[in-house]
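Enquirer: what follows is a predicted structure for the sequence shown.
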Amino acid sequence: MKGQISLNRFCGEQYHDKDYTIPWDRLRFSRANDQVAFHTEQAVKCLKYLIACTVKSGQRHRKDDWSFPGKVYAGILPQSLEEFDQEHQLQMEVIMDGLAKNHGYYKHMEDGAEEMAVISPFHGDAISIYRQENGRMRKVYEYEKPAEFSHAIFGGMIGEKPAVVIGHREGERNLLLFSWDQLSRQFQAQILDRGCGSANVYRFYNHGEAYLLSANRETDEAVLYQIRL
């Protein structure tokens, strides 16, 4: 099928690059304008951090209320935690907010029209895409197979076109890519990896190369996929 993405798959204990090899337990990265740079542990002076990700920042009466976007908090851990208790909490800062991807949906603009990729119900098996038409969101696509326990979701530019990557943790446990095919004028699905059971996935760039980083919970792997167009 034209327009498909191919991947190189790296997993195991080390990340390999042309000029260096860094063990996973010493891998760090910094992010600016979606560009990721790798650093070793020495570069951050061996500081220890606590990073807490919340799927939502509030709710109204019901635990299935997902109208409050999630946040990511971070704090520097001291040498000892003995000074902290219920009244004396570790200082945490919000480093990212307005997060919707862990709620099971992702918003995107295509040709000026807002689109939304949705996993339903929560941790469900249905993957759908909605498009805003006449002021309302209308379903324009539904994946033809059940994707049990859908969990990982990322939306953004994959190569030169907008796409959504979704991983599900039960059943076939595939990592899937959904995109719009201009020739057929319809959405298409591509299986990027099989049997992996991704819990979270993210696309980033390093030295001009595009990658997907996936936490494959069901196979106990952290896998780096290099995107080839």
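Expert: That came in fine, so what should we check first?

Enquirer: quickly list what the residue lying closest to E142 once chain neighbours are set aside is bridged to.
Expert: Excluding its sequence neighbours, the residue lying closest to E142 (Cβ to Cβ, 6 or more residues apart in numbering) is S128, at 4.7 Å. For every residue, glycine as well, the C-beta is placed using N, CA and C. Bridge pairing for S128 (DSSP bridges) gives the partners V118, E142.

Enquirer: my guess is S128 meets E115, correct?
Expert: No: look at S128 against E115 with Cβ atoms under 8 Å: they stay out of range, at 10.7 Å.

Enquirer: between the two, which one's more packed in?
Expert: For S128 versus E115, neighbours defined as other Cβ atoms under 10 Å are more numerous around E115 (22 against 15).

Enquirer: any idea which element that one lies in?
Expert: Here E115 sits within strand 113-120, counting by DSSP states H and E.

Enquirer: try H88
Expert: H88 is part of no helix or strand when elements are defined by DSSP H and E.

Enquirer: least confident secondary structure element in this protein?
Expert: strand 21-23 (a mean of 36; mean pLDDT, DSSP states H and E).

Enquirer: now for R138: which residues touch it?
Expert: For R138, the contact set (Cβ atoms under 8 Å, 6 or more residues apart in numbering) comprises Y130, R131, Q132.

Enquirer: any weak-confidence spans in the chain?
Expert: Under the criterion pLDDT under 70, the flagged ranges of the chain are 1-46, 63-64, 66, 100-112, 229.

Enquirer: how about 90 then?
Expert: Applying pLDDT under 90 to the chain flags residues 1-124, 131-137, 155-162, 181-183, 200, 202, 204-213, 217, 219-229.

Enquirer: how about the helices in it?
Expert: Ranges of helices in the chain, per DSSP state H: none exist.

Enquirer: beta-bridge partners for the closest residue to L176 other than its chain neighbours, please?
Expert: Nearest residue to L176, sequence neighbours excluded (Cβ to Cβ, 6+ apart): I166, at 5.1 Å. For I166, the beta-bridge partners under DSSP bridges are I153, L176.

Enquirer: so what's I166 up against?
Expert: Contacts for I166 (Cβ under 8 Å, 6+ apart) come out as A117, I119, I127, A147, S150, A152, I153, L175, L176, F178.

Enquirer: which residues does the nearest residue in space to the first one that is not next to it in sequence contact?
Expert: Okay, so that is A117. Of all residues not flanking A117 in the chain, V164 sits nearest, at 4.3 Å (Cβ to Cβ, 6+ apart). Contact analysis of V164 by Cβ under 8 Å, 6+ apart lists Y106, H108, A117, I129, I153, F154, G155, L177, F178, S179.

Enquirer: my read: H168 touches A147, true?
Expert: Yes: shown here, H168 and A147 form a contact pair, counting by Cβ under 8 Å, at 4.0 Å.

Enquirer: the two: which is more packed in?
Expert: Using other Cβ under 10 Å, the more surrounded residue of H168 and A147 is H168, with 28 against 23.

Enquirer: tell me how far the more buried one lies from D65.
Expert: Per Cβ to Cβ, to the nearest Å, H168 is found 24 Å from D65.

Enquirer: likewise for A52?
Expert: 20 Å.
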